[in-house]
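>>> Sequence first, then the predicted structure, then my questions.
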Amino acid sequence: RSHRGGGFCGMRTKDFANKTMSLNEYDGVRLRVLGDGNRYKFTIALRDGYTRYQHPFDTARGLVQDIDLKFDDFVPLQTSNANFVDYAATPLSQADRSDVAFMNIVVSKFEFNGYPNPSGVPSQFSLDIIKSVEGLSIPKPQIVMVTSASCERNARIRSKEQRAADIPIVQLNPNGILNWKYKGESAIRSSGLAYTVVRPCGLTTQNETQSFRLELSQGDIISGAISRREVAALVAGALDTHLASGKTFEARRSEAKDAVGDEAATKKPALSRQLQALVTDTNRHLAGLPVLAPPLDPPTEALSEEEQNAVLNDPRVVSQRARERGAQQVAGRAEASYVIYRNGEPLSSTEEGSVSR
C-alpha cells in the first residue's frame, strides 16, 4: 500500500553488472501491462555515475495496454535526491545508453520536485507486466520536402474576397504556385513514407553568415525571414531525428533582439526541443490547429493587371523589395524583422553590411 508514512513502492531488475545492456539503437521502450488506473514511473539508470531518468505513465483499470515511452520524454534526476530534476543533465535521447545499469517501475505519491502524483490516491495497487520490456524504434523521415509558408493559408481560401483580404503573396499567388506546392505536400503525406514538410518564410540574403535563433510554428500563421543556409541546416537536422516525422511546420528567424548570434539554433539539442513541441499532421486537432485542407487547383480567374499592380504597390511589398534589392518576394513586411547587436548596442546600417559580408 501507498499511504501516510510511505512514499513509494517499486520493483527493479537485477543490476546488469555481468551483462552489457545497450539501448543505443532504440528510440524508447515499450511495455505491455495490465493496469489498475494508477500512475507509475519507469526508470532507466545508466552505469556512468548511475544517472537515472524517469518517465511517468498512466494505466487504465482492467485493460491491457501497450505503453510507449520515448527517450526524448524521460526526465533526468539528481543523484543526491531521487525525486528532484537534474536540469544540467544530458537528455536521455542524447546520452550514451550503451551500458544500462538497471531499470525499475515505481508507484509514488510524488511526481517530480516534491509535487504530488496527480493520481496518487492511497489504495491497493497492482500492475502486471504482460510482456517483457522491448526496445522501441521510431522511423526517421525518409524524405524532407521544402515548400513555403502561405501554402496552407492559400489552401483555405474559398472566395475572391477572402484572397483579397489575405497577405500579398496569397493575393498574388503567381501562376498558382502556392496551390502546386500544397498539392506536392499532399502527395508526400499520402505516399506512405515517413516524411517532414518544412515551410520557410521569406528567403533572405541579409546577414547570411550570421546565426539567429529560429522559430518553428504550425498552422501557417507566421511571416518573417530565413536564409537558405538556415533552411539547409533545418532539413539536415530533420533527417536525423524521428521527432520530425509526420510533421509540417513553418520556420523563420526569431524577431527577438537577443536572437542574434545564437550558434546553437540549428544544432541537435535546440532543434530537438522545438521539434518535440510540434504535433504530427494527424494530431493537429488535438493542439487546436485546423485540420489540413484538401488540395485545390489554382484559381481559374487570374488577377487583372490593375489588381496585380495593387498588390505589388502594397507598402509591405515595397518595403521588403527595398531591403532586398533584386528580390522577387511579395510576402511583405512593413519593418525589418530584426536588428543586429554587438556588445549590447545596435549596429549602424554600414556596420550591419559588414556583418552580413
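Looks like it arrived, so ask away. None of the values given here were measured: they were computed from a predicted structure. Residues are numbered from 1 along each chain as shown.
>>> Now do the same contact list for Thr147.
Applying CB atoms under 8 Å, 6 or more residues apart in numbering to Thr147 gives the contacts Lys181, Tyr182, Gly184, Glu185, Val197, Val198, Arg199. C-beta here means a position set from N, CA and C on the backbone, and glycine is covered the same way.
>>> what's the answer for Pro56, then?
So Pro56 contacts Arg39, Tyr40, Lys41, Glu111 (CB under 8 Å, 6+ apart).
>>> other SSEs contacting the helix or strand containing the third one?
To tie it back to what came earlier, the one meant is Lys41. Here Lys41 sits within strand 39-46, counting by DSSP states H and E. Counting contacts by 3 or more CB pairs under 8 Å, 6 or more residues apart in numbering; DSSP states H and E, strand 39-46 packs against strand 28-34, strand 52-58, strand 100-108.
>>> Looking at the contacts of Thr147, which are in helices?
Among the contacts of Thr147, the members falling in helices (DSSP state H) are Lys181, Tyr182, Gly184, Glu185.
>>> Specify which member of those is nearest to Ser93.
Relative to Ser93, the closest of these is Glu185; by CB to CB it sits at 27.6 Å.
>>> ok, the closest one - how many residues close by?
Around Glu185 there are 22 other residues, counting by other CB atoms under 10 Å.
>>> which residue ranges form the helices in the stretch 151-300 of the chain?
Ranges of helices in the stretch 151-300 of the chain, per DSSP state H, counting those that start in this stretch, are 151-155, 160-164, 168-172, 177-189, 228-239, 268-276.
>>> Which among those is found nearest to Arg47?
Among the helices of the stretch 151-300 of the chain, helix 268-276 sits nearest to Arg47 (CB to CB), with 22.6 Å.
>>> Centre of the chain to that closest one, how far?
6 Å (CA atoms, centre = their mean, to the nearest Å).
>>> and if you look at stretch 148-155?
19 Å.
>>> wait, doesn't Arg30 sit right on Ile67?
Yes - between Arg30 and Ile67 there is a contact under CB atoms under 8 Å: 6.8 Å.
>>> Wait, Ala293 touches Arg156, no?
Yes - Ala293 sits in contact with Arg156 when judged by CB under 8 Å, with a separation of 5.2 Å.
>>> Could you check how far the spatially most central residue of the chain is from Pro56?
Centroid-nearest residue in the chain: Leu275, 1.6 Å away (criterion: CA atoms, centre = their mean). As judged by CB to CB, to the nearest Å, Leu275 and Pro56 stand 22 Å apart.
>>> in the stretch 101-250 of the chain, which segments are predicted with low confidence?
Within the stretch 101-250 of the chain, the segments meeting pLDDT under 70 span 120-122.
>>> Start and end of stretch 158-166, how far apart?
Stretch 158-166 has an end-to-end distance of 12 Å (CA to CA, to the nearest Å).
>>> got a list of contacts for it?
Arg153, Asn154, Ile157, Val170, Gln171, Asn173, Pro299, Glu301.
>>> just to revisit the earlier point, looking at it, the residue nearest to the centre of the chain is touching Thr241, isn't it?
Yes - with contacts counted by CB under 8 Å, Leu275 reaches Thr241, the gap being 6.5 Å.
>>> Now find how far off-centre stretch 23-34 is within its chain.
Relative to its chain's centre, stretch 23-34 lies at 22 Å (CA atoms, centre = their mean).
>>> and it, average pLDDT?
What stretch 23-34 shows for mean pLDDT is 94.
>>> which residues sit against it?
Contacts for stretch 23-34 (CB under 8 Å, 6+ apart): 42, 44, 57, 59, 62-73, 93, 96-98, 100, 127-131, 133-138, 242.
>>> What of stretch 234-242?
Applying CB under 8 Å, 6+ apart, the contact partners of stretch 234-242 are 27, 138-141, 144, 146, 196, 198, 200, 214, 244, 251, 266-268, 271-272, 275.
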